[in-house]
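Enquirer: give me the fold of what follows.
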Amino acid sequence: MKKIFYVLLVLFLIIIFVKPDIYPVSACENQHPTSLFSDKEASTICIDSKNIYDFNDNDPENIAIPGHLYFPPNIDSPVSLIIISHGAGGIFRFHYDYKDMMLRHGYAVLIIDHFTPRDTIIDFTFKYVTEPMMVSDVINSAKILRTHPRLNGKIGYIGWSKGGIGPILLKNKHLYDKLVYKNDFEFLAGVYTYCGFDIDKENVTDIPMLLISGNKDKITPASYCSELISKLNDKNIEYHILADAYHGFDNYAFFFGSYLPWQPVLNANTDKCLLKISPIFQTVNLNDNMDLSSLKNRTRFLDECTSQGAYVQYNSQPSIDAKKILMKFINKHMPN
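Expert: Numbers count the residues shown, from 1 in each chain. Next up, the predicted model:
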């Protein structure tokens with residue numbers, strides 16, 4: 001009974017702390033994707049993206065992905081853009097706090113809604129809205145917005161949790177060269193993201209990357225990122241592990257802290273459960289070379305490589321620290 005109460009409480013907090021206007025799908029439903037731009041400081045754009053289940057999907061369906069585009073006030077000259085990719089719980093109010101901070105520093109911000117047009121509210125399973133889909137949304141957003149007259153062509157990419165897997169994967173030069181249409185991202189960043197991937201150190205992009213983890217995070221443990229960074233030995237990666245920080249430390253939907261019994265926890269960095277992008281752009285399990293290019297195979301991988309249940313909690317100090325670290329990094333690598 002107590003567990004049911006906590007589950008209901010968490011769901012209630014998620015609902016009340018989700019931004020009420022974050023689902024701009026009405027502008028994109030039943031319409032062809034468009035890149036129509038508005039002169040308003042806040043507007044919705046529709047991104048012509050692809051539903052690629054894995055990176056080797058050669059015949060994906062087209063999909064219109066909505067995103068909120070914001071510009072800093074009282075700036076007439078073109079500005080740089082930061083693309084925000086949400087996590088498995090969707091877009092929360094705290095993402096808009098980051099957006100407001102970035103606007104104050106003179107950056108435009110695009111917050112992508114990866115889930116709603118795919119008939120998804122949350123996806124803790126990693127099976128229905130895959131990381132290749134989310135990466136495709138970001139890259140296609142960048143492609144469209146490079147032509148926006150109010151933007152200067154410089155773009156950074158930040159993801160939280162599940163949304164931060166994309167920046168990790170784009171450190172893979174082989175994959176990056178396949179996916180990115182034009183120019184580079186100025187930086188990549190992931191906040192409490194999943195680092196359980198194997199990348200050859202000879203195959204790493206030189207794009208600056210920032211990673212921020214919590215030392216008490218069991219969902220995306222800091223140790224996974226530490227091991228990946230140690231292997232890559234890449235001077236372009238900046239890494240911070242924040243003290244007294246659980247998963248979701250900046251999300252005040254978890255203000256009271258809660259145990260999530262349904263939350264999958266990936267057992268990475270073992271011989272059985274380490275992922276890699278293959279030469280033919282499949283996500284594969286290094287243990288048996290099984291690809292994750294189908295729902296069946298992803299389900300099998302998750303059954304074999306996850307446990308369930310983890311604690312999440314908001315903490316104001318690491319939240320403050322993360323924002324300071326992030327803005328310092330952005331100002332360094334994509335100054336206005």
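
Enquirer: would you mind pulling the contact partners of the host helix or strand of Pro167?
Expert: Take DSSP states H and E as the rule and Pro167 turns out to sit in helix 165-169. For helix 165-169, the external contacting residues (C-beta atoms under 8 Å, 6 or more residues apart in numbering) are 85, 131, 134-135, 138, 157-159, 175, 188-190, 193-195, 197, 209, 228, 277. Just so you know, the C-beta spots here come from the backbone N, C-alpha and C atoms, and that holds for glycine as well.

Enquirer: low-confidence stretches in this protein?
Expert: Along the chain, the model assigns pLDDT under 70 to residues 1-27, 29-39, 181-182, 268-271.

Enquirer: swap in 80 and give it another go.
Expert: When residues are selected by pLDDT under 80, those of the chain lie in 1-40, 181-184, 267-272.

Enquirer: what's the first helix or strand after the helix holding Pro167?
Expert: helix 173-179.

Enquirer: can I get the CA coordinates of that following helix in PDB?
Expert: C-alpha atoms of helix 173-179 as PDB (Å, rounded to 0.1, in the frame of the first residue of the first chain):
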ATOM      1  CA  LYS A 173      33.300  10.300 -35.700                       C
ATOM      2  CA  HIS A 174      32.100   7.500 -38.000                       C
ATOM      3  CA  LEU A 175      28.500   8.100 -36.900                       C
ATOM      4  CA  TYR A 176      28.900  11.900 -36.800                       C
ATOM      5  CA  ASP A 177      30.200  12.000 -40.400                       C
ATOM      6  CA  LYS A 178      27.200  10.000 -41.600                       C
ATOM      7  CA  LEU A 179      24.500  12.000 -39.800                       C
END
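
Enquirer: can you tell me what sits against that helix?
Expert: Under C-beta under 8 Å, 6+ apart, the answer for helix 173-179 is 55, 135-136, 139, 169-170, 203-205, 207, 277, 279, 281.

Enquirer: off-centre distance for it?
Expert: 18 Å (C-alpha atoms, centre = their mean, to the nearest Å).

Enquirer: one more: stretch 132-142?
Expert: 10 Å.

Enquirer: cool, and stretch 158-166?
Expert: That offset, for stretch 158-166, works out to 2 Å (C-alpha atoms, centre = their mean).

Enquirer: over to stretch 309-316?
Expert: Offset of stretch 309-316 from its chain centre (C-alpha atoms, centre = their mean): 18 Å.

Enquirer: and that stretch, end to end?
Expert: 23 Å (C-alpha to C-alpha, to the nearest Å).

Enquirer: and the contacts of that stretch?
Expert: Contact partners of stretch 309-316, identified using C-beta under 8 Å, 6+ apart, comprise 216, 218-219, 244-263, 265.

Enquirer: swap the cut-off to 10 Å and go again
Expert: Stretch 309-316 is contacted by residues 10, 13, 17, 89, 94, 192, 214, 216-220, 242-265, 321 when judged by C-beta atoms under 10 Å, 6 or more residues apart in numbering.

Enquirer: are any of the residues you listed buried, and if so which?
Expert: Listed as buried from the contacts of stretch 309-316 are 10, 13, 17, 89, 94, 192, 214, 216-217, 219-220, 242, 245-254, 258, 260, 263-265, 321; burial here means 16 or more other C-beta atoms under 10 Å.

Enquirer: now, which of those lie within strands?
Expert: Residues of the buried ones among the contacts of stretch 309-316 located in strands (DSSP state E): 214, 242, 258, 260, 263-265.
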